[in-house]
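Chemist: next input, structure requested:
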Amino acid sequence: MIFVVEDDHGVRELELYALRQSGYEAEGYETPTAFRQALEKTVPDCVLLDVMLPGEDGVSLLKKMKAAPALRDIPI
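Modeler: Sure, this is the predicted structure:
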């Protein structure tokens with residue numbers, strides 16, 4: 001499962017389309033909050049993370065993920 005965190009709807013849908021057409025399972029999230037909620041239920045195999053997000057930037061999310069033992073080894 002690949003998580004795509006991108007606030008731009010068009011970009012997110014394009015990324016999801018390309019991943020799914022290539023045979024990957026992928027889910028998209030518009031906000032850091034929605035992404036964090038998804039992480040509570042599923043640990044993805046990979047994350048495509050936008051840097052500029054509303055409310056919290058991607059770099060901050062990256063730091064939090066790398067600090068969490070269950071998430072630190074996920075490729076981002």
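Chemist: need the mean per-residue confidence for the longest helix seen in the chain.
Modeler: Longest helix of the chain, by residue count under DSSP state H: helix 9-21. Mean pLDDT, computed over helix 9-21, is 98.
Chemist: contact partners of it?
Modeler: Outside of helix 9-21, the residues within contact range by Cβ atoms under 8 Å, 6 or more residues apart in numbering are Ile2, Val4, Glu6, Ala26, Glu27, Gly28, Glu30, Leu48, Asp50. For the C-beta atoms, the positions are set from N, CA and C on the backbone; glycine is no exception.
Chemist: so how far is it from its chain's centroid?
Modeler: What separates the centre of helix 9-21 from the centre of its chain is 12 Å, taken as Cα atoms, centre = their mean, to the nearest Å.
Chemist: quick check: buried residues in it?
Modeler: Under the neighbour-count criterion of 16 or more other Cβ atoms under 10 Å, helix 9-21 has Arg12, Glu15, Leu16, Leu19 buried.
Chemist: same check on stretch 55-63?
Modeler: So for stretch 55-63, counting by 16+ other Cβ under 10 Å, buried means Gly58, Leu61.
Chemist: just the strands from the chain, written as ranges.
Modeler: For the chain, strands defined by DSSP state E occupy the ranges 2-5, 26-29, 46-49.
Chemist: could you dump the ones you listed to CSV with distance to Arg36?
Modeler: Converted to CSV, these look like this (distance: least, Cβ to Cβ, whole Å):
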stretch, distance to Arg36
strand 2-5, 10
strand 26-29, 9
strand 46-49, 12
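Chemist: deepest of those strands, which one?
Modeler: Ranked by mean neighbour count, these are led by strand 2-5 with a mean of 22 (mean count of other Cβ atoms under 10 Å).
Chemist: that strand pairs with which strands, parallel or anti?
Modeler: strand 26-29 (parallel), strand 46-49 (parallel) (DSSP bridges).
Chemist: run through who's touching that strand.
Modeler: The contact list for strand 2-5, computed with Cβ under 8 Å, 6+ apart, reads 12, 15-16, 19, 24-29, 32, 35, 38-39, 44-50, 53, 58, 61.
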